[in-house]
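J.: Dropping the sequence and predicted coords here.
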Amino acid sequence: MTNQSDTKVFPLMPLRDIVIFPHMVAPLVVGRKQSILALEDAMEKRTEIFLVTQRKASDDEPGSDGIYEVGTLANVMQLLRLPDGTIKALIEGKRRARIISHLPHDRFMLVELRELPDELEVTPEVTAYERELRRYFEEFALINKKIAKEVVKSVQNIDDPRKLVHVICAHLPLKTEEKQRVLESESLKMRMEIILDILNREIELSELEKEINARVKTRMGKTQRNYYLSEKVKEIQNEMGQGEDGMDDIAELEEAVRKKKLPQIALSKVTKELKKLRNMPPMSAETTVVRNYIDCILSLPWKKKLRSVIDINKAEKILDEDHYGLKKPKERILEYLAVQAQVKKIKGPILCLVGPPGVGKTSICRSVARALNRKFVRLSLGGVRDEAEIRGHRRTYIGAMPGKIIQSMQRAEVSNPVFCLDEVDKMSMDFRGDPSSALLEVLDPEQNSAFNDHYLDIDYDLSEVFFITTANNLHGIPVPLQDRMEIIHLSGYTEEEKQKIAEGYLIPKQIEENGFRKGDISLTAGAILEIIRRYTKEAGVRDLERNISAICRKIARDRLKKGAKGKKYRLSAQTVGKYLGTPKYRFGLAEEQERIGLSTGLAWTEVGGDLLQIETTLMTGSGKLIITGKLGDVMQESAQAALSYVRSRAERLGLESDFYQKLDIHVHVPEGAIPKDGPSAGITIATSIVSALIKKPVKHHLAMTGEITLRGRVLPIGGLTEKLLAAKRGNITEVLVPRDNERNLNDVPLKIRKKLNITLVEHMDEVLELAIIVREGEALFKNPPINPVYNEISVNQHNTTQ
Ligand SMILES: Nc1ncnc2c1ncn2[C@@H]1O[C@H](COP(=O)(O)OP(=O)(O)OP(=O)(O)O)[C@@H](O)[C@H]1O
């Protein structure tokens, strides 16, 4: 089939999707008629066959345009006819060739070809390329598991770089076009470059693929692991009978969140926590923490309110209905409410009711709530010493809880209750922070719309709350808190008031609470007075109420025991003891008659006022001042001061100037039950000492109170109302009060003031003049004092001459 000198004619067999390279041995399954004929022709004539790839694999009868121009001349090594009419041929690629022209043939394609030169150019560059090719191929084979080890080995044994290029290319997973490009490229160097490029790219791609695979694998592994574990947890929960419950609970919580009207900030917080909760095992400690937190937010009243209108007339009626007397406090409260009604929103100072225990502070707050149609909550601050008690602990603490304010709001169930902060004076502070500073924020209307509880961690609006505070002692309230409060004083009750309260309020209340009918039990005025005087010792009426309640309980038992259901009981002063036992107290009464060295003072205690008898006796001795009766430090110092004053007055009182050197002075204050401290007994001690020294008695119906200075000035004291109440109760008729306390007299009930002969005193000299009884025509002082200032100068002179 030779034609011109450098061209030859060969039968052509088109290949669908394979490129045959020189040096390559490949089996081909041939089905197309033309191709079979071309093969048979080549076998018959023992010539080579030209194998060239189709441009489109799907083309069944490709023409001259449907095939590439460069292909490979190949030897047909073997032909095998298969039963289905196809032929399996084993061919071996020999040399590259390009089609010059297509020759006409009726059975198969016939082409004129020119072989392409394929010279071996052994340059250092080619050698370098060759080495790289081997290395890259080896690397590629390592990554790509599809290339058999034998192939790698045989590639290593190929010496001819031309063969090496073709064999490697034949084994690479390339597209037909790429392989064709290699086949068509002119020089060996170019072919090597193309393959190196391809190898490089394939290696990178394979590595990337590997990396992606590994990543996908680990992700899959994690998801599978999580899935497996969560399934296992569910299984365990089911086994323990909690699985469904846990889910139910969460669903319930979600439902509750949906139903509750929460502000946006609380809603987003709770939603976040719910999400957390869903992914937690129900038995873990953390789950309980999250669940408690959600419960806490849900149980707080965020927007729920009771409709409250301030109706002054109604408020006045209710306050009068619930409490006897307390005229001034009630008036102040009503004025306060009137202002609140005008400004609509609670602003301005907070009310603070100050007074002894049991005078109705808390119960007035309760009445205010009733009058305003609001709910009532009470929080006792007594003993609160840690800021966290008010503000709560952060949730990171074990066992953290919201503070007392938020807990109380949970109890209130509405956002606008009357909130009574009891005993603000009993708070203390320590290293854990000052609770009063947290309270400042609560009580400040400017700040409390965004109260921050550490546990809640979101702001809570307290601006709708009507705060009222109570205290026993104004001095115990931190000053910054006092600044924000409007103080309303409630003083102790007189015996008459107590009697009225018992008759009008306490007895009917206890009769009803203990299941009696009206009229079943009655107490005579004498009986009530007996209880007040001998069974209670208080400024308020709490103990009185407790005793009445005790009587009711005893009578109830008595009635049941004797089966006397309809029996009516009437108690008198004589029969009270049958139910209450022996009297507990001896209330302070004026002495029957005047005595030397015995003066009567007025004491103030937590439970009201009382009479305090001070006795002095003299013994021969060496100038010691003995003080007994469990006196506190301040009172001991008062006694010293009193003695110093007496010494400074010795000469004028007709005493020897060194009287104290020959005597021991013993001052005793009986009545162990009364706590004795504070300076207000100063003038009483001095009077008692003087009386003993000059051997003249003190008026027994006279009582006094006042602090004494070394120079005899009388200084003001506290608790005047309670002291005067005690004086009245103890049958005292005359009272000496420091002049500086004059303004406090207005607080004392008029009834009491009228019954007592009150003298305001400025100096101890006046006290002695008024208290010590001297015989007619006799003077107490040798040189009557002209005025206190003169006196003081003379005291100094007197001291220096000694
Ligand atoms: N003026 C009054 N009229 C009728 N009842 C009264 C009056 N004052 C007090 N009470 C009754 O006395 C009892 C004790 O009062 P309450 O508990 O309010 O005292 P308090 O001043 O708050 O004491 P504390 O300082 O110990 O908290 C209550 O039952 C109250 O109703």
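T.: That came through, no problem.
J.: Only C-alpha atoms from now on, for both contacts and neighbour counts.
T.: OK.
J.: what about the residue in the stretch 101-250 of the chain that the ligand sits nearest to, distance to residue 288?
T.: Distance from the ligand to each residue of the stretch 101-250 of the chain (CA to the nearest ligand atom) is smallest for residue 249, at 41.4 Å. Counting by CA to CA, to the nearest Å, the gap from residue 249 to residue 288 is 12 Å.
J.: Also residue 94?
T.: 81 Å.
J.: Could you do residue 141 as well?
T.: Noted for residue 141: a distance of 58 Å to residue 288, by CA to CA.
J.: neighbour-wise, which of those two wins?
T.: For residue 141 versus residue 288, neighbours defined as other CA atoms under 10 Å are more numerous around residue 141 (19 against 13).
J.: how about residue 162, what does it touch?
T.: The contact partners of residue 162, by CA atoms under 8 Å, 6 or more residues apart in numbering, come to 118, 120, 188.
J.: Quick one: neighbours of residue 104, just the number.
T.: Neighbour tally, residue 104, other CA under 10 Å: 10.
J.: Number the chain from 55, please
T.: Sure, I'll start numbering at 55, so the last one becomes residue 158.
J.: Enumerate every residue touching it.
T.: Going by CA under 8 Å, 6+ apart, residue 158 touches residue 164.
J.: Now do the phi/psi pair for it.
T.: Here is the backbone geometry of residue 158 (degrees, to the nearest 10): phi -70, psi 130.
J.: Flag every residue of this structure that's near the ligand.
T.: 376-380, 410-417, 526, 555, 559, 595-596 (CA under 6 Å from any ligand atom).
J.: Now with 5 Å, please.
T.: For the chain, the residues in contact with the ligand (CA under 5 Å from any ligand atom) are 377, 378, 411, 412, 413, 414, 415, 416, 417, 596.
J.: Could you pick out the buried ones from those?
T.: Buried subset of these (neighbour count, 16 or more other CA atoms under 10 Å): 377, 378, 411, 412, 413, 414, 415, 416, 596.
J.: Isn't residue 209 up against residue 218?
T.: Yes. Using CA atoms under 8 Å, residue 209 is in contact with residue 218, at 6.7 Å.
J.: More neighbours: which of these two?
T.: Ranked by neighbour count (other CA under 10 Å), residue 209 and residue 218 place residue 218 first, with 21 against 18.
J.: in terms of contact, does residue 607 touch residue 566 like I think?
T.: No. Residue 607 is beyond contact range of residue 566, at 11.6 Å (criterion: CA under 8 Å).
J.: doesn't residue 445 make contact with residue 455?
T.: No. Here residue 455 does not reach residue 445: they are 9.4 Å apart, not a contact under CA under 8 Å.
J.: any shared contact partners between these two?
T.: By CA under 8 Å, 6+ apart, residue 455 and residue 445 have these common neighbours: residue 509.
J.: do you know how far residue 420 is from residue 472?
T.: Distance of residue 420 to residue 472, computed by CA to CA: 8 Å.
J.: So between the two, which is more surrounded?
T.: Between residue 420 and residue 472, counting by other CA under 10 Å, residue 472 is the more crowded of the two (25 against 22).
J.: so who does residue 96 touch?
T.: 65, 102, 103, 130.
J.: Which of the residues in whatever helix or strand it lives in are classified as buried?
T.: Assignment of secondary structure by DSSP states H and E places residue 96 within helix 87-98. Across helix 87-98, burial judged by 16+ other CA under 10 Å covers 88, 89, 90, 91, 92, 93, 94, 95, 96, 97.
J.: May I have the phi/psi pair for the residue nearest to the second one when sequence neighbours are not counted?
T.: By that I understand residue 89. Closest residue to residue 89 apart from its sequence neighbours, by CA to CA, 6 or more residues apart in numbering: residue 67 at 5.2 Å. The phi/psi pair for residue 67 (degrees, to the nearest 10) reads phi -120, psi 120.
J.: now swap in residue 174 and tell me
T.: Main-chain dihedrals, residue 174, degrees, to the nearest 10: phi -90, psi 110.
J.: isn't it right up against residue 241?
T.: No. Counting by CA under 8 Å, residue 241 is not a contact partner of residue 174; they are 9.2 Å apart.
J.: thinking again about what came up before, anything in contact with each of residue 420 and residue 472?
T.: Residues touching both residue 420 and residue 472 (CA under 8 Å, 6+ apart): residue 430.
J.: picking up where we left off before, what helix or strand is the residue of the stretch 155-304 of the chain closest to the ligand located in?
T.: Assigning secondary structure by DSSP H and E places residue 303 in helix 297-313.
J.: Can you name the element that comes right after that helix?
T.: That would be, after helix 297-313 and using DSSP H and E, helix 318-332.
J.: quick one on the thing from earlier: I'd like to check the angle between the helix or strand following the helix holding residue 96 and helix 87-98, please.
T.: Where DSSP H and E defines the elements, the next helix or strand beyond helix 87-98 is strand 103-107. Angular relation of strand 103-107 and helix 87-98 on a 0 to 180 degree scale: 150 degrees, by axes from the mean of the first three to the mean of the last three CA atoms, to 10 degrees.
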